[in-house]
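# Need a 3D model of the sequence below.
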Amino acid sequence: MENSLEVREDVEAGSESGCKYILLIGGVLSGLGKGTIASSIGRLFRSHNFSVTAIKIDPYLNIDAGTMSPFEHGEVFVLNDGTEVDLDLGNYERFLDVQLNRDNNITTGKIYDIVIKKERKGLYLGKTVQVVPHICNEIQDWILRVSRQRLPEMEADPEICLIELGGTVGDIESMPFIEAMRQFQFRVGRSNLCVIHVSLVPVIGTAGEQKTKPTQQSVQQLRALGLSPDIILCRSTKPMNAEARLKISNFCHVSYESVLGLHDVSNLYRIPQLLYDQRIFTLLHRYLNIPMRKAVDFDQWIELADTVDRLSGRSDLVVRVAMVGKYTELEDAYISVCRALKHACYWLKLRVEVDYVEASELESAESASYERYWGLVRGADAIIVPGGFGDRGIEGKVLAARYARESNKPYLGICLGMQVSVIEYARSVLGWEDANSEEFAQNIEHPVIVFMPEISKVQMGGTMRLGKRRTYFRNKRSLIYSLYRRCFGGELDWVDERHRHRYEVNLKFTEALSRGGMDFVGQDETGERQEMVEIPGHKFYVGVQYHPEFLSRPNRPSPLFYGLMMAASNRLGEVWGEAKE
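Okay, the predicted model is just below:
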């Protein structure tokens, strides 16, 4: 491609791919659940045998979510190719049962980076580079490219492309994307783009009056920017009444049946059914001229929602898990871990309750919350130490790992949680009192966790060991191997899981740790990088360097979370039997 004009013409020539586009834009305020709504619409299409892809647009200037604090932005989700993204892409993957890639996430930073690099190469032939047309063209080209990209799970090119624009109408960061989508409707044809506006209808007063004015103003602002919604999805605590729907219809220039209510439901798996019952398929058929197909697996999805509801009322089936971390003020920071726990429990017909434990509060008896948090740890049926960075709370995590090991309490250490288990074992069992990670201590005799040699110490973004990597089983008599074999079926030599870390177990000390009773049961292709560890004879004491939560699905739970919940409910004996055959 020698210049920008050739890039544009190439995309234009292939734009008639037959793909239909559904754009979701939020109004009034953020946090209305656009990601879950987009995922639910995608689930409906997938359940009716459509090939679906999805794009999340994040209007921030960051290239990706990798350097963002979980306190501010929630969990950083990692894709197969190592792209660090917003947690909404995790929702897409779990609902659609697909594996996305870097092209499924657009950020302002990515778009500007591309345009600036093209300008530096002289590809714009001396023209003044501007938001319109250059930034907007790049956004449109990206969407068209993804809409022709077949994901690994797809048997055909995408027929439906879901596009979620983060933030709300009126955000200055979103303006180039809204303008790009305004142009996009003419580029692909208005009959190939359905605009869905997700808004809030607050319920005010004791009478429960549903106020429509915020939605009216939000739609008015959107229309002023050149986009008219075809469907309005109204979030509310209660089902929408006819009066509110009629008022929104009259003032927002949409048909009455195109105003749908999304009230609070018993569990998030009910949302696809709620949309289906309001005939959203009929609306999309009308606006996009798509075929009406019979459902192929929607009954299973409804059964999943029914299962969750049935379990929610069973106090006798509760498993309590203590999540010992440092981002416990924001549940979204560990959303994939929580989802993976629930997926395992759905299969085992259990209900999980997660108690968030602030690790730093476990360190000193002088802390006001010391007894309360230790009470949660002691009262838990299982303990998880998830991934994280930084030294705050690290000693509390070490103490939690020690308690789990000494009390025979099921323990799962993920990423940093595995490193913590190695540090604790080296200190308590091998007697290396100074054992620590290079992340937290320098110039010590026993740095059992070290900085990975290939990782940059200067560039922070995108430089970790990221994405799907292969782990080979060294010990096929281990519990970890038995769990993977049980869940995946048949003999296995290796497993692929997603990673996100800068530090690893120090090869210099693995032999001593192994002699001391810590079994390193899985390694990378070199045989030197430790990926899996367990303690033989313990009820369930497992650590993994990767993040098994990222590949967990409602219909296909992660083997390690499955095993943890079996151990927590005292049902692991049969798997241990397999491991000892």
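# residue with max distance from the center of this protein?
What lies farthest from the middle of the chain is residue 126; by CA atoms, centre = their mean that is 41.7 Å.
# what about that residue, helix or strand, and which?
For residue 126, there is no host helix or strand (DSSP states H and E).
# how much space is there between it and residue 114?
From residue 126 across to residue 114, the span is 19 Å (CB to CB, to the nearest Å). All C-beta spots, glycine's among them, are computed from the backbone N, C-alpha and C.
# List the buried residues for stretch 542-555?
542-552, 554 (16 or more other CB atoms under 10 Å).
# cool, stretch 25-35 as well?
Neighbour-count burial for stretch 25-35 [16+ other CB under 10 Å]: 25-28, 32-35.
# what about dumping the CA coordinates of it to PDB?
C-alpha atoms of stretch 25-35 as PDB (Å, rounded to 0.1, in the frame of the first residue of the first chain):
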ATOM      1  CA  ILE A  25     -24.100   4.000  22.200                       C
ATOM      2  CA  GLY A  26     -24.800   5.000  25.800                       C
ATOM      3  CA  GLY A  27     -26.600   8.100  27.200                       C
ATOM      4  CA  VAL A  28     -27.200   9.900  30.500                       C
ATOM      5  CA  LEU A  29     -24.400   8.200  32.400                       C
ATOM      6  CA  SER A  30     -21.800   5.500  32.100                       C
ATOM      7  CA  GLY A  31     -22.000   2.100  33.900                       C
ATOM      8  CA  LEU A  32     -25.400   1.100  32.400                       C
ATOM      9  CA  GLY A  33     -24.000  -2.300  31.300                       C
ATOM     10  CA  LYS A  34     -23.600  -1.700  27.600                       C
ATOM     11  CA  GLY A  35     -21.000  -4.500  27.500                       C
END
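# Residue 32 and residue 202 touch, don't they?
No: using CB atoms under 8 Å, residue 32 is not in contact with residue 202; the gap is 11.5 Å.
# Report the rounded mean pLDDT for the helix or strand where residue 377 lies.
Using DSSP H and E, residue 377 sits in helix 370-379. The pLDDT scores in helix 370-379 average 96.
# do the same with stretch 205-224
Average pLDDT, stretch 205-224: 92.
# what comes into contact with it?
With contact meaning CB atoms under 8 Å, 6 or more residues apart in numbering, stretch 205-224 is reached by 25, 27-28, 168-170, 178, 197, 199-204, 228-229, 232, 234, 236, 238, 240-241, 243-244, 247-248, 251-253.
# Which of the residues you listed are buried, as a PyMOL select command?
Remark: buried members of the contacts of stretch 205-224, expressed as a PyMOL selection using 16+ other CB under 10 Å:
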select buried, resi 25+27+28+168+169+178+197+199+200+201+202+229+232+234+236+240+244+247+248+252
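# what about the stretch 251-400 of the chain, any weak spots by pLDDT?
For the stretch 251-400 of the chain, applying pLDDT under 70 flags no range at all.
# following the helix or strand of the chain with the lowest mean pLDDT, which helix or strand shows up next?
In the chain, no helix or strand scores lower on mean pLDDT, DSSP states H and E than helix 4-13, which sits at a mean of 40. Downstream of helix 4-13, the first helix or strand assigned by DSSP H and E is strand 20-26.
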